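*Asks:* could you work out the structure for the sequence below:
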Amino acid sequence: LYINKGNTLILASMFREAVVAYDLALEVNPDSEPARINKEIALEEAGEYQELADYLRSEIDRLGRTPDLSLRLGQALESNGEVNNALVEYDEGIDLPEQSAELWEAKARLLQMRGDLQGAIEAYDRALSLNEGLVHALNNRGSALYMLGRYEEAANDITRATQLDPGLAAAWQNLGPTLYHLERYEDALDSLERSLELDGDNSEAWNDRGNVMGKLKRYDEALRSYTKALEIEPQGAMAWQNMANTQMDIKRYQDALSSYERAITLDGNNPGAWVGKANALSMLGRMDDSVAAYRRGLELDPESDVTWNNLGFTLGQMGIFEEALECFEQAIELDIGYIEAYKNRGNALLSLYRIQEAEAAYREALALDEEDAEVWDLLGACLLQEGRVDEALESIEHALSLNDEVPKYWNDLGKVKKEMGNKTGAHKAFDK
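*Replies:* Below is the predicted model:
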């Protein structure tokens, strides 16, 4: 009778009262499995995780530890916010002679949540070696691999998860950004479309769809995707930032500035939004405000070589070449292979009439990429200032052999030919 009463109370969502009924049933018959099982269910549904954990500990004392009881106790402790204790329980169960794929999976998920991605991957490996059909383990291992930048491996895992369970929206959503990073944009779009067919109210999937549409240069659709994401989650700072990035791509700089500011209002500690705002301000000619925004971005992320380079470029446009030079040198210190920073360093040195140092900077850039037409042109202009006309001609002609569709290269060629006294050749180059 007490069990039936408890069952009725559960159906009525009166979980606390159901627990009392099952306790009364257990007073009558302490060995009643239905009462014990249903009491556990009622405690979980009632959100009484501390009491549930205590109850499961008493079950372990009564029955002895088993993998299943260790798993259930760990889950109760997790739900109660006792992550470290949950991990201890999972390890206790793992140490038993009987191996449990579910325990390894639970441990892996906790490690992943704590940021120990390599430890999580190793635990997922153990889980999947015991049961290769654990769909969520495959999907979550794929997510961990993605976070480590191991995109091919991630794509393999997540694709396998979608094959095992085509209805798992989370796997299709995870597959989208993974394929995006592999530059498989059409496949990424297909995955996100599948995710949204299964769960059309997922703002993150709409945001990811916008990113893919941007790469496909389908900018109107990208903006519509971000708008949809924000309809679902108006506080989505990343969607505002991504919308702003797309608005920058299509030269809607004032709209981009407004979107970056919305992102910053929602998350003022995101350096990417501050740097984006600085880029928009620079394009709008508001150089002082742009510099201030770059400096705020660097306060939040002082290791960003791109931000140092962009700040230097803006300072250079303002004629503040010495400070710009310091910025470029900082960018190069952070990334010795950053070609753009070498170019800009050379330009700043040239503006300071430190011509030989500028030449050295351009040659350092060419050592990194000898097929960069812009650097060959910059080197040629530098050599012209040094009076090394023949070398300047050779350098600029090489730039044009790599790319003859840039007006500046033809203009610089005209300057060299004019300096050489070749007026006809100069006019032809200027006309081009």
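
*Asks:* for burial, what's the neighbour tally of residue 274?
*Replies:* 25 (other CB atoms under 10 Å). For glycine as for every other residue, the C-beta is placed from the backbone atoms N, C-alpha and C.

*Asks:* please apply the same query to residue 428.
*Replies:* With other CB under 10 Å as criterion, residue 428 counts 14.

*Asks:* got it, and residue 98?
*Replies:* 9.

*Asks:* begin at 19 from here
*Replies:* Taking 19 as the first residue, the last one we looked at is residue 116.

*Asks:* host element of it?
*Replies:* In this assignment (DSSP states H and E), residue 116 forms part of neither any helix nor any strand.

*Asks:* what do you get for the one 4 residues further on?
*Replies:* If you go by DSSP H and E, residue 120 is part of helix 119-131.

*Asks:* which other helices and strands contact that helix?
*Replies:* Using 3 or more CB pairs under 8 Å, 6 or more residues apart in numbering; DSSP states H and E, the elements in contact with helix 119-131 are helix 85-97, helix 101-112, helix 135-148, helix 153-165.

*Asks:* most tightly packed of those helices?
*Replies:* Across the helices and strands packed on helix 119-131, averaging neighbours per residue (mean count of other CB atoms under 10 Å) puts helix 153-165 on top, at a mean of 23.

*Asks:* what angle separates that one from helix 135-148?
*Replies:* 150 degrees (axes from the mean of the first three to the mean of the last three CA atoms, to 10 degrees).

*Asks:* returning to what we had before: now render the helices and strands packed on helix 119-131 as CSV, adding mean pLDDT and distance to residue 42.
*Replies:* Formatted as CSV, the helices and strands packed on helix 119-131 follow (pLDDT from 0 to 100; distance: least, CB to CB, whole Å):
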stretch, mean pLDDT, distance to residue 42
helix 85-97, 94, 22
helix 101-112, 95, 29
helix 135-148, 97, 40
helix 153-165, 98, 37
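
*Asks:* so for residue 230, which of the ones you listed sits nearest?
*Replies:* Ranking the helices and strands packed on helix 119-131 by their distance to residue 230 (criterion: CB to CB) puts helix 153-165 first, at 15.3 Å.

*Asks:* how far does the closest one sit from the chain's center?
*Replies:* Computed by CA atoms, centre = their mean, to the nearest Å, the chain-centroid distance of helix 153-165 equals 15 Å.

*Asks:* now do that helix: everything it contacts.
*Replies:* Contacting residues not belonging to helix 153-165 are listed as 119, 123, 126-127, 130, 135, 138-139, 142-143, 145-146, 169, 171-176, 178-179, 182-183, 186, 188-189, 192-193, 195-196, 199 [CB atoms under 8 Å, 6 or more residues apart in numbering].

*Asks:* of those residues, grab the buried ones for PyMOL.
*Replies:* Here is the PyMOL command that selects the buried residues among the contacts of helix 153-165 (16 or more other CB atoms under 10 Å):
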select buried, resi 119+123+126+127+130+135+138+139+142+145+146+169+171+172+173+174+175+176+178+179+183+186+188+189+192+193+195+196
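
*Asks:* residue 439 in helix, strand or coil?
*Replies:* coil (DSSP: H, G, I helix; E, B strand; the rest coil).

*Asks:* over to the one 5 residues further on?
*Replies:* At residue 444 the chain is in helix, as set by three-state DSSP.

*Asks:* neighbours around residue 26, how many?
*Replies:* 13.

*Asks:* which element, helix or strand, includes it?
*Replies:* Secondary structure from DSSP H and E places residue 26 in helix 20-29.

*Asks:* now do that helix: everything it contacts.
*Replies:* The contact list for helix 20-29 (CB under 8 Å, 6+ apart) reads 33, 35-37, 39-40, 42-43, 46, 50, 52-53, 56-57, 59-60, 63.

*Asks:* how about a cut-off of 7 Å?
*Replies:* Outside of helix 20-29, the residues within contact range by CB atoms under 7 Å, 6 or more residues apart in numbering are 35, 36, 39, 40, 42, 43, 46, 52, 53, 56, 59, 60.

*Asks:* buried subset of these?
*Replies:* Among the contacts of helix 20-29, those buried by neighbour count (16+ other CB under 10 Å) are 35, 36, 39, 40, 43, 53, 56, 59, 60.

*Asks:* for the fourth one, what are its contacts?
*Replies:* It stands for residue 40. Neighbouring residues of residue 40 by CB under 7 Å, 6+ apart: 20, 21, 24, 53, 56, 57, 60.

*Asks:* what of the fifth one?
*Replies:* With contacts defined as CB under 7 Å, 6+ apart, the neighbours of residue 43 are 20, 21, 24, 50, 53.

*Asks:* give me the pLDDT for the last one.
*Replies:* Pointing back at residue 53 there. Looking at residue 53, its pLDDT stands at 86.

*Asks:* OK, contacts around it?
*Replies:* Residues near residue 53 by CB under 7 Å, 6+ apart: 21, 40, 43, 44.

*Asks:* and those, which is the shakiest by pLDDT?
*Replies:* Among those, residue 40 has the lowest pLDDT, at 83.

*Asks:* on that earlier part again, ok, and the most crowded of the contacts of residue 43?
*Replies:* residue 24 (27 neighbours).
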